[in-house]
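Enquirer: just a sequence and a predicted model for now, questions to come.
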Amino acid sequence: MPRKYLILLVITLGAVALDQWTKYDVVGSLTTRFDGLETTGERLKAMYGSDVPPPGVDGRHFRAKRSVEVLESFLRLRYEENPGAAWGMFRTLPREVRGPLFHVVSIGAVILIGYYFTKLSGKDPKERWALWGLSLVLGGALGNYIDRVARGFVVDFVQAHWKDQAYWPSFNVADMAICVGVGMLILDAFVRKDPQPGARA
């Protein structure tokens, strides 16, 4: 297997695995979804099965039972559900519209990432930012897509805030992977920028 595809495989699968593991742990720790379930199989079925309960009065399908303060007045772990895109965009669209839209966007993103990845030689050291960046973006996109296919909403749990007066939209490990990956791709655009005509090599 060419080295670049090994990098893609390891980073993408690593991002997906870490994302899904943290979401599984958050559902178990911060919601009542796994209460009374003793085996891992039962918990996985409750997490990924089709018998998702209807939303409660707070709008969540899984009932939250607690939150965890990580940095008082700045950061907490709190279970949230996002049926929309990044930062909750399009969450108000009807489910019959929202579902197909996200399927098309997610599949399109995977195809686009794959196309650009095949253009990399995998031998130029300057391509490392693109190799890692594309792999992280793909892993993040797949992590959130798994949520949408399984439940129709994405599990978020990191809430940054300023003394409960201002909030950053809740996010998860997949979102972090996408943001870091995009940052690496921006850096790659500068590192591998074509020299200006007439510039000395």
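Expert: That came through fine.
Enquirer: any idea how far stretch 122-141 is from the middle of the chain?
Expert: 16 Å (CA atoms, centre = their mean, to the nearest Å).
Enquirer: go through that stretch and flag the buried ones.
Expert: 122, 127-141 (16 or more other CB atoms under 10 Å). Where you see a C-beta, it was placed from the backbone N, CA and C, and this is true even at glycine.
Enquirer: ok, so of the residues you listed, who is nearest Ala109?
Expert: Ala141 (5.1 Å; CB to CB).
Enquirer: quick one: the closest residue to the closest one other than its chain neighbours and Trp162, what's the gap?
Expert: Nearest residue to Ala141, sequence neighbours excluded (CB to CB, 6 or more residues apart in numbering): Ala109, at 5.1 Å. According to CB to CB, to the nearest Å, Ala109 and Trp162 sit 32 Å apart.
Enquirer: cool, and Trp21?
Expert: 29 Å.
Enquirer: ok, now Pro83?
Expert: 26 Å.
Enquirer: what about those two, which has more around it?
Expert: Pro83 (22 against 10; other CB atoms under 10 Å).
Enquirer: surely the more buried one is in contact with Arg98?
Expert: Yes - Pro83 is within contact range of Arg98, at 6.7 Å (criterion: CB atoms under 8 Å).
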